[in-house]
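J.: pasted the sequence and its predicted model underneath.
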Amino acid sequence: MVGVGGAPSAQAVSMYRAARHLRGGGLHKALKLGPDADFTDDHVETGLASKNGHVQAMAGLVKRMKDSAKKPNKEVEGSEDGGLIT
């Protein structure tokens, strides 16, 4: 079985389950944060360093979302069709 980041693990983590729990505040609960707290880079790193693969998966999703929010998609901005995929 393959775990988070493609590393082999005894128990593979469901990314659907991680995303579902992330939406429900699962990472906030795991890191003992308030429900309105924003995830800092330290929080994400703490989650990634967790021994729990499920917490690692949720933290990985947060990291990817934060990284994608920082980088504008140049192809979409410069396209003539407004970035629509045809």
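T.: Received it, and whenever you're ready, just let me know what you need.

J.: wait, what's in contact with Val55?
T.: Val55 sits next to Leu27, Ala30, Leu31, Gly47 when contact means CB atoms under 8 Å, 6 or more residues apart in numbering. Quick note: C-beta positions are derived from backbone N, CA and C, even for glycine.

J.: what do you get if the cut-off is 7 Å, keeping everything else the same?
T.: Val55 is in contact with Leu27, Ala30, Gly47, counting by CB atoms under 7 Å, 6 or more residues apart in numbering.

J.: ramachandran coordinates for it?
T.: phi -70, psi -40 (degrees, to the nearest 10).

J.: about what we covered before: switch the contacts of Val55 over to a markdown table; also include secondary structure.
T.: Shown next, in a markdown table, are the contacts of Val55 (DSSP: H, G, I helix; E, B strand; the rest coil):
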| residue | secondary structure |
| --- | --- |
| Leu27 | helix |
| Ala30 | helix |
| Gly47 | helix |
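
J.: out of these, who has the most neighbours?
T.: Neighbour tally across the contacts of Val55 (other CB atoms under 10 Å): the maximum, 25 neighbours, falls on Leu27.

J.: rewinding a little: as JSON lines, the contacts of Val55 with distance to Ala19 and pLDDT would be great.
T.: Output for the contacts of Val55, formatted as JSON lines (distance: CB to CB, whole Å; pLDDT from 0 to 100):
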{"residue": "Leu27", "distance to Ala19": "11", "pLDDT": "87"}
{"residue": "Ala30", "distance to Ala19": "14", "pLDDT": "87"}
{"residue": "Gly47", "distance to Ala19": "14", "pLDDT": "91"}
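
J.: looking at those, spot the one nearest Met65.
T.: Using CB to CB, the shortest approach to Met65 within the contacts of Val55 belongs to Leu27, at 11.4 Å.

J.: so that closest one makes contact with Val62?
T.: Yes. Counting by CB atoms under 7 Å, Leu27 touches Val62, with 6.4 Å between them.

J.: pull out the buried residues from the helix or strand harbouring Asp42.
T.: Using DSSP states H and E, Asp42 maps to helix 41-48. Within helix 41-48, the residues that qualify as buried are His43, Val44, Thr46, Gly47, Leu48, counting by 16 or more other CB atoms under 10 Å.
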